[in-house]
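Engineer: Could you look at this predicted model? Sequence included:
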Amino acid sequence: MKHYLSCITALFIALAVSSHAQATPVTLNFPSTQSTYYEAWTGSGNVPSGYRTPALYEQGDYVSQQFTGVALYAISSVEYSLTVFNAMKSGDLALNFVINGTIVGTITVPEDYGSGHKRNYTGILNFDPVTGGGTFKLDLVLAQRAPIGSNISIYDGGKFIVDGLTEKPPAVPEPATFLLLGAGLIALRKRRR
């Protein structure tokens, strides 16, 4: 009987703390020709195929794309690869990674004395899950205004490999549920003695 109660308790605890369904990573082409950009002086448009956005230098300038039918309920990590044209004459510029309106990470484009070099940025961001239920909007947003005479452009052909949860996590049992189960097991054990 003691072994039986231990097995039931262990099974219940395992079910209560079991993790949600992990997903197979999904590759999203971003930025791509389906991405839109917004630049404060010239307006908006699509990222040209095989090329880059116009100069971005105002706080809030962005590149954006919405993805539907993504086989994820929530995203909790991004492995990114993107190419930036760096024309930063002075100072650094922060570029925020945003998913469904939540900032999940930032990269810094360093001062490059206005040389206009292409620079590839790669990395992995891990963060609290951002829910979307299969629809996710990815944005790259300038966090501040670039110093006078400085700017960046973002090239077509980026890749974002996203990972997360395939379904909504199960509800966590309330503490009262655990108390009730525990009291029942204790009562059952005392009754058997």
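Structural biologist: Yes, it's here.

Engineer: Which parts of the chain are strands?
Structural biologist: With DSSP state E applied, the chain shows strands at 26-29, 36-39, 43-46, 62-67, 74-87, 93-99, 102-109, 117-131, 136-142, 151-154, 159-165, listed in chain order.

Engineer: looking at the ones you listed, which is buried most?
Structural biologist: Of all these, strand 151-154 has the most neighbours on average by mean count of other Cβ atoms under 10 Å, namely a mean of 24. In this view, the C-beta of every residue, glycine as well, is placed from N, C-alpha and C.

Engineer: what mean pLDDT does it have?
Structural biologist: Averaging pLDDT along strand 151-154 gives 96.

Engineer: Could you pull up the contacting residues of the residue nearest to residue 146 when sequence neighbours are not counted?
Structural biologist: Excluding the flanking residues, the one nearest residue 146 by Cβ to Cβ, 6 or more residues apart in numbering is residue 57, at 3.9 Å. Contacts for residue 57 (Cβ atoms under 8 Å, 6 or more residues apart in numbering) come out as 142, 145-146, 150-152.

Engineer: In contact with residue 48, which residues?
Structural biologist: 33, 156.

Engineer: which sections of the protein are below the confidence cut-off?
Structural biologist: 1-23, 169-181, 183, 188, 193 (pLDDT under 70).

Engineer: redo that, cut-off 80
Structural biologist: 1-23, 167-193 (pLDDT under 80).

Engineer: and the strands of the chain as TSV, adding distance to residue 186?
Structural biologist: Formatted as TSV, those follow (distance: least, Cβ to Cβ, whole Å):
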stretch	distance to residue 186
strand 26-29	47
strand 36-39	62
strand 43-46	66
strand 62-67	51
strand 74-87	38
strand 93-99	46
strand 102-109	44
strand 117-131	37
strand 136-142	47
strand 151-154	62
strand 159-165	35
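
Engineer: Compare the ones you listed and report which one is nearest to residue 189.
Structural biologist: strand 159-165 (37.4 Å; Cβ to Cβ).

Engineer: Can you check what angle separates the closest one from strand 93-99?
Structural biologist: 40 degrees (axes from the mean of the first three to the mean of the last three Cα atoms, to 10 degrees).
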